[in-house]
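**Q** how would this look folded up:
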Amino acid sequence: MIFSKTDIEGLIVIDTKKNSDERGYFFESFQLQKFCDFVGQEINFVQENESMSSIDVVRGLHFQAPPFAQGKLVRVPFGKVIDVVVDIRTNSLTYGKTFSIELSQENGKQLWIPEGFAHGFVCLEENSLLSYKCTNYYNQPSEDAILWKSKELNINWSVNKPIVSEKDQNAKDFSTFVSPF
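**A** Modelled structure (predicted):
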């Protein structure tokens, strides 16, 4: 596992090294001690979620408000997505800044998203599978979202005809959003 910091404090890209031969491949997708050492704190994952989506599906930008905020370790074991996060930590120098990365079965990259970020993704291949470990349990009353197409965020979702849930279509625009972080 190779850890790389991004230009947004706390957001980390993790590259994995696949060992391949005629039988297939093997790689270490997660190792708690290495992860915690790089992040600089003890992390306790309590829930793992999985989402399969069709091509052009956009999900997000979701988060849970404190005290039920979640850190997430995201990977794509099948297919390809563009994963997108928005820094919604009001005391951050990068508040409102977005970061996107392609995560795929092929590249094996993962993204560590600490608490204080809204998260979303768009599927670039049919039946893309997104898997993520969470540091807190799902709490429906704490769930919230920012409009995926907020003009202020200027996110390039790379799709012409996005498929978006009604709930995500009705999320708050970033221009009127008040962060709980």
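
**Q** Can you show me the helices along this structure?
**A** 32-39, 166-169 (DSSP state H).

**Q** now for the shortest one, which elements pack on it?
**A** Right, helix 166-169. Where contact means 3 or more CB pairs under 8 Å, 6 or more residues apart in numbering; DSSP states H and E, helix 166-169 is packed against strand 57-64. Every residue, glycine included, has its C-beta placed from N, CA and C.

**Q** helices or strands next to the strand it packs on in the packing?
**A** Other helices and strands packing on strand 57-64, by 3+ CB pairs under 8 Å, 6+ apart, are strand 80-87, strand 117-123, strand 143-145, strand 163-164, helix 166-169.

**Q** redo that, cut-off 6 Å
**A** strand 117-123, strand 143-145 (3 or more CB pairs under 6 Å, 6 or more residues apart in numbering; DSSP states H and E).

**Q** gap between stretch 25-43 and the chain center?
**A** 17 Å (CA atoms, centre = their mean, to the nearest Å).

**Q** List the beta-bridge partners for the residue most central in space within the chain.
**A** By CA atoms, centre = their mean, the chain has its centre lying nearest to H119, at 4.8 Å. Taking DSSP bridges as the rule, H119 bridges to H62, V85.
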